[in-house]
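In: Everything below, folded, please.
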Amino acid sequence: MARKLKAFTTSAGFFDLAVSAPSMKAALEAWGAGANLFHQGFARQTDDPAIVEATMARPGIVLRRPVGTDQHFKEDAEASEAAFEGKLERKSRPARRRREPVVAKATDPKQEREAARAFEKERERRERLERRQEAARLAEGARRDRVIAAAQNALDEAVERHAAEVAEIERARAALDAKADRERERWRREKDELEDALRRARVPRHLRPV
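Out: Modelled structure (predicted):
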């Protein structure tokens, strides 16, 4: 059986928020609050007839109005600088006599049941939307992981190919160095022999040692 709805209010940024929900917990979920605003004193249940009527007409839908104003709560409210200016002006004016609280009118049980069912439908819609968003987030994460893994594999393979090429170049360089060393030694011996033969050829034959 659907639970009776109540009206709850809080503030977030530039807006006052209101929602009809069966419990404080359900109101916090509708607001997307990460903390218990009721325990912290930032949210409360309200019997204001205008707020009750507006929220019961859109059960489970978060309604807004510029923070600190007396405007009607709406789903598509926009923040207004005039609202803040008006708030400052009201602070500077002499305090007015406090009005007596307005007693909320009794609600029709049938309307309450319909509002409760509408709230449950809205809650289920939000849950479906959140599940789709979570599935899309997981799918995007998996796709990104695949792209990262493919890029990492390509990099690893390129590093291995580069290392193999460098090793082959080093082996070829070592072989060339060894060949160069052998050639230098061979040339040293050959050059010494040729230079020695050249020196002997320059000495007249009769002066050559016997």
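In: Now do the helices in this protein.
Out: Taking DSSP state H as the test, the helices found in the chain are 24-31, 49-57, 81-92, 109-202.
In: a markdown table please, covering those helices and showing mean neighbour count, mean pLDDT and distance to Ala7.
Out: Just so you know, the C-beta spots here come from the backbone N, C-alpha and C atoms, and that holds for glycine as well. Formatted as a markdown table, those follow (neighbours: other C-beta atoms under 10 Å; pLDDT from 0 to 100; distance: least, C-beta to C-beta, whole Å):
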| stretch | mean neighbour count | mean pLDDT | distance to Ala7 |
| --- | --- | --- | --- |
| helix 24-31 | 19 | 90 | 9 |
| helix 49-57 | 19 | 90 | 5 |
| helix 81-92 | 11 | 47 | 21 |
| helix 109-202 | 11 | 89 | 11 |
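In: Just send those back as a markdown table, with distance to Phe73 too.
Out: Formatted as a markdown table, the helices of the chain follow (distance: least, C-beta to C-beta, whole Å):
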| stretch | distance to Phe73 |
| --- | --- |
| helix 24-31 | 13 |
| helix 49-57 | 5 |
| helix 81-92 | 13 |
| helix 109-202 | 15 |
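In: So which of these is nearest Val67?
Out: Among the helices of the chain, the nearest to Val67 by C-beta to C-beta is helix 81-92 (7.2 Å).
In: Which one of the helices of the chain lies nearest to Lys74?
Out: That would be, of those and by C-beta to C-beta, helix 49-57, which comes in at 7.9 Å.
In: Quick one: work out the angle between the closest one and helix 24-31.
Out: 70 degrees (axes from the mean of the first three to the mean of the last three C-alpha atoms, to 10 degrees).
In: Report all helices and strands that helix 49-57 contacts.
Out: strand 6-12, strand 15-21, helix 109-202 (3 or more C-beta pairs under 8 Å, 6 or more residues apart in numbering; DSSP states H and E).
In: Cool, thanks, talk later.
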